[in-house]
Each structure stands twice: as structure tokens, then as C-alpha cells.
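S.K.: this one's sequence-less:
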């Protein structure tokens, strides 16, 4: 979810878009007055989704014990496997010229979500500047 205060859209719960090829997780802030971005983007590749297939293949090819081990490891270590296949980016800049910068691999942590009570007041747009 997100909230809007004084032209600042803050994403307090990450937005998750899951597809067949990857999962995208977005959190941060968008300033509608200055048209600027300050977000974290986590791209997670679907290795964890493919492990059940590998477990089934392992059970057929090498025996049920190996397949059961892969399946159990996938269930127990889901968060760690997701982190191994995660890429973290910073999305900043303006609406017209966004800047996407790679930050790290193996990191699925987002900056702390904004607290609606902690949002600072944005300056009111200058009425004279808006007329020009």
C-alpha cells in the first residue's frame, strides 16, 4: 500500500509484481511536486520456483532420497535461495530522466518503509513560478 501527503507518495508496503521470468519488488518514495524518484527495486530470478522440478527430476534420475532432499532444502531455505538470485537497484532521478543504478547482488532487503507520521512537509509550489 502507499499514502500521499503534500505531493509525496510513500510506498509503506512494497509493491510486488510477479511474472514467469522474475519477481520485481519496489519500495520508496515519489515526489509529485518535484517529479523525482527515490526507490529501491529488487529483481528476483525464479530459481526457487524451478527447484520442485529439479527435485522431481532428481528423484527419477538418482533416487527418491536426493529428490526429497532438494525439495526439503527448497522449503527450508526459500528466503536464502531468493537472496542468492536477487539483484538490488536504486531508482532515482526525475520522471523524464530516471537513473537506475545497480547496487548489489544476493540482497533482497529494502530500505525501511516510510512512516506516514514521519513524512516531512514538502514546500508549497511557488504560485508565480507555476504561471511562467
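M.R.: Looks like it came in fine. All values reported here derive from a predicted model rather than from experimental measurement.

S.K.: what about the longest strand seen in the chain, average pLDDT?
M.R.: Longest strand in the chain, counting residues (DSSP state E): strand 8-18. When pLDDT is averaged over strand 8-18, the result is 92.

S.K.: neighbouring strands for that strand, and are they parallel or not?
M.R.: Strand 8-18 has its sheet partners listed here by DSSP bridges as strand 2-5 (antiparallel), strand 23-31 (antiparallel).

S.K.: buried residues, the longest one. List them.
M.R.: Buried residues in strand 23-31, counted by 16 or more other C-beta atoms under 10 Å: 23, 25-31. All C-beta atoms are positioned from the backbone trio N, CA, C, and that covers glycine.

S.K.: closest one to residue 13 out of these, please.
M.R.: Residue 13 lies nearest to residue 27 out of the buried residues of strand 23-31, by C-beta to C-beta, at 8.0 Å.

S.K.: list the contacts for that closest one?
M.R.: Residues counted as contacts of residue 27 (C-beta atoms under 8 Å, 6 or more residues apart in numbering) are 11, 14-15, 39-40, 110-111, 113.

S.K.: quick one, strands of this structure?
M.R.: According to DSSP E, the chain carries its strands in the segments 2-5, 8-18, 23-31, 36-44, 86-94, 98-105.

S.K.: could you tell me the angle between the third one and strand 86-94?
M.R.: Going by axes from the mean of the first three to the mean of the last three C-alpha atoms, to 10 degrees, strand 23-31 is angled at 20 degrees with respect to strand 86-94.

S.K.: how far away is residue 7 from residue 37?
M.R.: According to C-beta to C-beta, to the nearest Å, residue 7 stands 13 Å off from residue 37.

S.K.: ugh, wrong one, residue 102
M.R.: Distance, residue 102 to residue 37, using C-beta to C-beta: 16 Å.
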